[in-house]
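[1] need coordinates for the following:
(one chain, ligands or ions: 1)
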Amino acid sequence: MIAFVPETGSTNGEIAARIAGGEPVPEGDWLVADRQTAGRGRQGRAWLDGAGNFMGSTVVHARAGDPPLPSLALVAGLAVHAALAPLVPPPLRAEIKWPNDVLVAGAKLAGVLLERTGDAVIVGIGANLALAPQVPGRETVALSAFGPAPDRDGFTQALASAFAAELALWRAAGLEALVARWTIAAHPAGTALLVGEPGEAPLAGTFAGLDSTGALILTLGDGTKRTIQAGEVRLAPPGRAE
Ligand SMILES: O=C(O)CCCC[C@@H]1SC[C@@H]2NC(=O)N[C@@H]21
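    Have a look, this model is predicted:
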């Protein structure tokens, strides 16, 4: 069931509270809010809302035999990419940046926040359909930059179907197939990346794909490879491709 509410603090927070309160929240259910007053982003950042944007959460309940739960980050990124890609006019292209941001021409169109509570993983998704929030030091974009903003409720249906399909494939086909699909939807191999928070001395390298667990592989300036398990990855500005 997809529930639409006019306002909440955070759809992730509301689902977590329901689970903590013993309320059943089955897979396939979504909570979608018109506005969030305390939206949460990755790395402890806030997620700014915007009227007409998609802000919603769903849940995955771990089952015996599931692939490792952190790989749900790639599942979510693929689902968001699948829902957004047809809405981006060529020659532009929606591309995933590790683990699950969706970018257009380097600007952030959507993000995903996974939060674990017991055996449940809450998957929260924000997509800029109508409005690109101004975030200092980060480039953002909304689909409205390319034409009329898509209908939020129609987008919700497309995203819920894509997520259900990706989740089923993750369970049936496993990590190797997931990594292969993710790589096709990502920015090209050789894309210059920086790993580390803005303000920190970043690790610079180029995108060399994912390993079999879904970790990011960087080629460093000296040609050696480095595997990144966690952290903030940014596209390097032009001229920073060490
Ligand atoms: O930082 C990111 O890229 C992740 C952003 C995730 C935002 C969404 S909006 C719906 C859900 N509820 C939240 O509080 N956050 C996620």
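[2] and for residue 236, the neighbour number?
    Residues contacting residue 236 under the criterion other CB atoms under 10 Å number 18. For the C-beta atoms, the positions are set from N, CA and C on the backbone; glycine is no exception.
[3] tell me the spacing between it and residue 191.
    For residue 236, the distance to residue 191 equals 8 Å [CB to CB, to the nearest Å].
[4] now residue 201
    Per CB to CB, residue 201 is found 20 Å from residue 191.
[5] okay, the two: which has more neighbours?
    A direct count of neighbours by other CB under 10 Å for residue 201 and residue 191 places residue 191 higher, at 17 against 8.
[6] quick one, what contacts that one?
    Residue 191 sits next to 206-207, 235 when contact means CB atoms under 8 Å, 6 or more residues apart in numbering.
[7] hmm, 6 Å instead?
    residue 207 (CB atoms under 6 Å, 6 or more residues apart in numbering).
[8] what's the answer for residue 58, then?
    Residue 58 is in contact with 30, 123, counting by CB under 6 Å, 6+ apart.
[9] report the secondary structure element holding it.
    strand 54-61 (DSSP states H and E).
[10] please apply the same query to residue 12.
    Using DSSP H and E, the element containing residue 12 is helix 11-20.
[11] between that helix and strand 54-61, how many degrees?
    30 degrees (axes from the mean of the first three to the mean of the last three CA atoms, to 10 degrees).
[12] identify the residues contacting helix 11-20?
    Applying CB under 6 Å, 6+ apart, the contact partners of helix 11-20 are 8, 25, 31, 33, 56-57, 59, 115, 117, 120, 122, 124.
[13] next one: that helix to chain centre, how far?
    19 Å (CA atoms, centre = their mean, to the nearest Å).
[14] most surrounded residue in the contacts of helix 11-20?
    Greatest neighbour count in the contacts of helix 11-20, by other CB under 10 Å, goes to residue 124: 28 neighbours.
[15] that one and residue 113 touch, don't they?
    Yes - applying CB atoms under 6 Å, one finds residue 124 in contact with residue 113, separated by 4.4 Å.
[16] quickly list what the closest residue to the ligand within the chain is bridged to.
    The ligand sits closest to residue 111 of the chain, with a gap of 2.0 Å, by CB to the nearest ligand atom. Per DSSP bridges, the residues bridged to residue 111 are residue 126.
[17] neighbours of it, just the number please.
    For residue 111, the neighbour count with other CB under 10 Å is 22.
[18] could you list which of the contacts of helix 11-20 belong to strands?
    Counted as lying in strands by DSSP state E, out of the contacts of helix 11-20, are 8, 31, 33, 56-57, 59, 115, 117, 120, 122, 124.
[19] within reach of the ligand, which of those residues are there?
    56-57, 124 (CB under 6 Å from any ligand atom).
[20] kindly reformat the residues you listed as JSON lines containing pLDDT.
    Converted to JSON lines, these look like this (pLDDT from 0 to 100):
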{"residue": "56", "pLDDT": "98"}
{"residue": "57", "pLDDT": "98"}
{"residue": "124", "pLDDT": "98"}
